[in-house]
Structures are given as structure tokens and as C-alpha cells.
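Q: Show me the folded form of this:
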Amino acid sequence: MNAERTRLIHPWWLRLTHWLNVVAVCVLALSGWRIYNAAPFYDFVIPNGITLGGWLGGALQWHFAAMWLLVVNGLIYLVANVVTGRLLSKFFPLSPRAFLDDLKAALKGQLTHADPSHYNAVQRAFYLFVIVDSVLLVLSGLVLWKSVQFPLLRELLGGYETARRVHFLAMSALVGFVGIHLVMVALVPRTLLAMIRGR
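A: This next block holds a predicted model:
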């Protein structure tokens, strides 16, 4: 029991980058919704009460500040994961069969969380998805920010207007992940303690 309490689950750099990403994603989502409201391309707008920036110029300033935090912090996270070997050991192997088996178990409430240092296949898939989704957010964001400077990237994303939709949908997917993540943390609260204390 004492060994279990003292065993390090998350190193300090992982906890730091995790919480900085929380700040970045919250600011990006709230300011991004205000930016979207300035020129919506779907038949709805986001209630202004849950947006950030107050006006388009203010929202853009918040968005750009958080963008740099996400990019720099995300690069530190990725490099640290690769250098320490954590990327391979925590997220792989991953197979479609293992994912489906763990997903079925999760939907039946039978997925165990006995060892918080071990990620099941559903967690591995979702965390890898977040990494890929974040890269897509940054790339589509570059097109929206500096469209003229990145013509090839703009064309690969289907043009400026398509890049706007890709950016919005990628952020929506990330917000959806955060919602599921919060539900899982509520169901297994010791995972939150591990992300704060490391143990």
C-alpha cells in the first residue's frame, strides 16, 4: 500500500504541460467561439456569455496568446514523450481489436482502472487522437492567420473557407474530448489526484 502511494505515475514535466494545455485549450475555445460569432458559417452562434474577448479584436488577442502557449507547450510535451520513451510505452501497441474490446467493456461499466499508470486501449486511442487533432488545429489555424504565407497548406486544406470549417470542427472534437475526459475523471477521481501530485 505504501509502495503504491509513493510510486510515481506522472512525472513533473507531464503534469506541468498537462495543466498548461488545459489553460491554452480553455482560452482558445472561448475566444475562438467569439471569433466564430463575428462571421458564423453555420446556422447558429455561440452564446456570448460563454465566450472570451468581449469583441472580435479582444478575442483575437486572447486567441493568438493562447495559440503560442499551445504550440510551445505542445512541442515540449511531444519532445519529452519521445525522448523519455513514454510515447511508445504508454500509447503503443494499439490495435483495433483491443480498442473495440475495451470500448465494449467501458460501455458496460466493466473497464477496470486498477492501475492508473496503465492506459487501456480506449485511453490510448483518445490521447493519440488529441495529439493528431491538436496538430490539425495548429495547421488550420496557420492558414486562417497567415493564409498568403502558407499557400500550399491552404490548398491542402481545401482553401481558406474549408480551413475555417476544419479548424472549427477540430476544436469541437477537442472540446468533446474534454467533456468525456471530465466525466471519466469524475468516475475515477484518483486520476485527478495523480495528475496533481504525480502519485
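
Q: Which residues does stretch 171-184 contact?
A: 25, 28-29, 32, 126, 129-130, 133-134, 137, 191 (C-beta atoms under 8 Å, 6 or more residues apart in numbering). C-beta coordinates here come from the backbone N, C-alpha and C atoms, glycine included.

Q: and which of the residues you listed is nearest to residue 86?
A: Of all those, residue 130 has the smallest distance to residue 86: 15.0 Å, by C-beta to C-beta.

Q: Give me the three-state assignment for the closest one.
A: Secondary structure, DSSP: H, G, I helix; E, B strand; the rest coil: residue 130 is helix.

Q: Walking through the protein, point out its helices one by one.
A: 2-6, 12-38, 56-84, 86-91, 96-107, 121-145, 151-156, 160-187, 190-197 (DSSP state H).

Q: Which two of the contacts of stretch 171-184 have the greatest separation?
A: It's 32 and 191 that sit farthest apart of these, by C-beta to C-beta, at 27.1 Å.

Q: These two: which is more packed in?
A: Higher neighbour count among residue 32 and residue 191: residue 32, with 27 against 18, using other C-beta atoms under 10 Å.

Q: Can you name the residues that contact that one?
A: Per C-beta under 8 Å, 6+ apart, neighbours of residue 32: 59, 63, 168, 171.
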